Structure formats: structure tokens, C-alpha cells
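Engineer: coords please:
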Amino acid sequence: MRLENDEGLPWTASTDLGWIVLLVALTCGTALIALSIYLALWIYTKGRSILPLVYFVLSAIFGFAGIALAHWARLESTTDILASLDSILWIAATFSLRHEIMKHYRESEKWEIRIGPWFTLFFSSVYINYRLNPFSFTPPPKDTLISLNLSTATNSVKSANSAKIDQ
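Structural biologist: Next up is the predicted model:
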């Protein structure tokens, strides 16, 4: 199974932002974990670092363990420690994913994709996925082999005047 579409972008990149936000809200954030792990796995298959994937998986494990301990064992201090670790890992994973995606596009596509740090901090992988949307960025111009040789208005006037002189 391929993790990307024909343009080399993740499958979720062409999904409208509204649908992703609705899905994250309806699943109480579980879809955000799945989206984050998917994006980290996608960038790993591009030959980038595995760190974002490891950070997101560890963050999910710590988060679910903290919920389980809070619900069944009622260990307040342990759940506080797990929640703190989970938050730190989530932020580190998000910025690590941002860094790897920006580095990938800088090295392979030769252009700077803009993924703002503040929006990354507040909106996490939803924002990163939004920035990968083909409609949210302008790709760099491709080198063309054929020139169109479109004439400007002054060149057209000059050629018309030279045609009159030749007659």
C-alpha cells in the first residue's frame, strides 16, 4: 500500500481542512493521533528521520496509559507525570515532523515550504497537513525546455513598422 498520491503528497493532504477538524472533534482527538502517526510514517518513507514517528507513538502510548491509570488505578501522581511526558513528547514530535518536512522539500524539491512555528504549536499536525494541501502552497516553477517566445507590445509594433517599410 502506498502512503502517497501520484504527486508524492500524503493522501490526507488533499482533504479539506473542515473535514479533518470535524473528524478530530468527533473522535475526541483520536483522529489527530492517527493523522500525526500517518504523516510521520509518510515522511519516514521519503527517507527522512524516524524520530517524529517514534515520538508520536510514544506520546500515544503515554497518553493512553495515563488515561487507563487515571480511570482504573487512580494514581494521581503517576498520571500527572505521564501527562507531562505526553505533552512534551507531543510538542517535540510535532516540531520534529515540521522540521523533517521542511528539510525534505528544501533538499529534494529545492524550495522552502512555509510551516509557521506558532500555528504548528497551536494546531499541531492538522496545520502541517493543511500546509501540504496542493491548494495552500505555490510550488516552485519547473524549468521548461520550450520557450513560448511571446512578443511584447513594443516588439509587435516594431515588426509591423518593419513590414510596412519592406513593402
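Engineer: By residue count, which helix of the chain is the longest?
Structural biologist: As assigned by DSSP state H, the longest helix anywhere in the chain is helix 76-104.
Engineer: That one packs against which elements?
Structural biologist: helix 30-45, helix 51-68, helix 117-131 (3 or more Cβ pairs under 8 Å, 6 or more residues apart in numbering; DSSP states H and E). Glycine gets a C-beta too; all of them are placed from N, C-alpha and C.
Engineer: Burial check on the residue lying closest to Val126 once chain neighbours are set aside, number of neighbours?
Structural biologist: Take Val126 and drop its neighbours on the chain: the residue closest to it by Cβ to Cβ, 6 or more residues apart in numbering is Ile20, 5.8 Å away. Using other Cβ atoms under 10 Å, the number of residues around Ile20 comes to 19.
Engineer: same deal with Ile37?
Structural biologist: Neighbour tally, Ile37, other Cβ under 10 Å: 18.
Engineer: From Arg114, how far off is it?
Structural biologist: 24 Å (Cβ to Cβ, to the nearest Å).
Engineer: ok, back up a step: Ala92 is nearest to which of the helices and strands packed on helix 76-104?
Structural biologist: Evaluated over those, closeness to Ala92 peaks at helix 51-68, with 5.4 Å, by Cβ to Cβ.
Engineer: who touches that closest one?
Structural biologist: By Cβ atoms under 8 Å, 6 or more residues apart in numbering, the residues outside helix 51-68 that reach it are 33, 36-37, 39-41, 43-44, 79, 82-83, 85-86, 89-90, 92-93, 96-97, 100.
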